[in-house]
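# Kindly return the folded structure for what I paste below:
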Amino acid sequence: MRISRGTSLFLLAFGVWSWIIWITFAKNLWESDRAWAPDGSPTAYFVVHAVLTVVSFVLGTIIGVLGWRGVRSPARVS
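As a prediction, this is how the structure comes out:
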């Protein structure tokens, strides 16, 4: 599969953006009052959002890697 340089840069930027956004979200989730029950155990809110965060990290990484491979590829479609 060949992708253009512009598309590769977009995918790479999306991957980086995804990591920036979800790291911030994960920090805010960890510090949220709704994330922890009074006994210190995680709430359903925390679990659902933690799964969402992990899936988003994985997808952002995959998309970023595809973009990186496209940028680094010697045979590009302009």
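# tell me the mean pLDDT for the helix of greatest length in the chain?
If you go by DSSP state H, the chain has its longest helix at helix 44-72. Helix 44-72 shows a mean pLDDT of 96 in the predicted model.
# Repeat that for stretch 4-11.
94.
# was I right about residue 56 contacting residue 22?
Yes. Here residue 56 reaches residue 22: they are 4.9 Å apart, a contact under CB atoms under 8 Å. (Each C-beta comes from the backbone N, C-alpha and C, glycine too.)
# These two - which one has more neighbours?
A count of neighbours by other CB atoms under 10 Å puts residue 22 above the other of residue 56 and residue 22, at 19 against 16.
# separation between the more buried one and residue 1?
For residue 22, the distance to residue 1 equals 26 Å [CB to CB, to the nearest Å].
# ok, now residue 24?
In terms of CB to CB, residue 24 sits 32 Å off from residue 1.
# okay, these two: which has more neighbours?
Neighbour count, other CB under 10 Å: between residue 24 and residue 1, residue 24 has more, with 10 against 4.
# Which positions within stretch 18-26 qualify as buried?
18, 22, 26 (16 or more other CB atoms under 10 Å).
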